[in-house]
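S.K.: the sequence and its predicted three-dimensional model are supplied below.
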Amino acid sequence: KQMKVLYGQPPSEEERSQAVPAIHCSIITNMQILCEQVEAMGLMDTLQCRSQYNAFREVDENATIDSEVGNLVTALWADPAIQAAFGRRAEFQVIDTSMYFRDIDRIASTSYIPTQQDLLHCRVRTVGILEEKYMIEGAQFVIFDVGGQRN
């Protein structure tokens, strides 16, 4: 993605719009991981927004982030227990999507179109083989993205 930003064509509005479900999924998945870690780390006693926590645990990872889900994310992100778990993120696997948590009102908007920075921070698993061609200082480069292998 960084090569595309530096040397390729900027993404069209349609391409950026197509990233919205992946960005929403990333936000929901990573907040759910933080919620799980609050329990695993024994931080439930410090959880202040228990009703939002319980409601968020029921949100499907493929849901659209609307104002309701956005409000849950905002409340959870401000909670000391979630912040404590996030502070210990080196102990478990979570992608740093905190920039999204801080900007959830923009992302929950029905007119949300991801920015170039949003696209760079969004993780999308590569399926198959992708080929990108770049012209850099008169030399043509061909980059192949083969993605990760899962057994």
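M.R.: Sure thing, it's come through.

S.K.: just give me the residue right at the centre of this protein.
M.R.: Centroid check for the chain by C-alpha atoms, centre = their mean gives S26 as the closest residue, at 3.3 Å.

S.K.: that one reaches T97, doesn't it?
M.R.: Yes - contact criterion C-beta atoms under 8 Å: S26 and T97 qualify, at 5.5 Å. Every residue, glycine included, has its C-beta placed from N, CA and C.

S.K.: still on that earlier bit, who are the contact partners of the residue nearest to the centre of the chain?
M.R.: I95, T97, Y100, C122, R123 (C-beta atoms under 8 Å, 6 or more residues apart in numbering).

S.K.: report the separation between it and V38.
M.R.: Distance, S26 to V38, by C-beta to C-beta, to the nearest Å: 19 Å.

S.K.: ok, residues contacting the least confident helix or strand in the chain by mean pLDDT?
M.R.: Here the helix or strand of the chain ranked lowest by mean pLDDT, DSSP states H and E is helix 2-7, holding a mean of 71. Contact with helix 2-7 is made by P11, Q116, L120, E132, Y134, M135, I136, I143, as judged by C-beta under 8 Å, 6+ apart.
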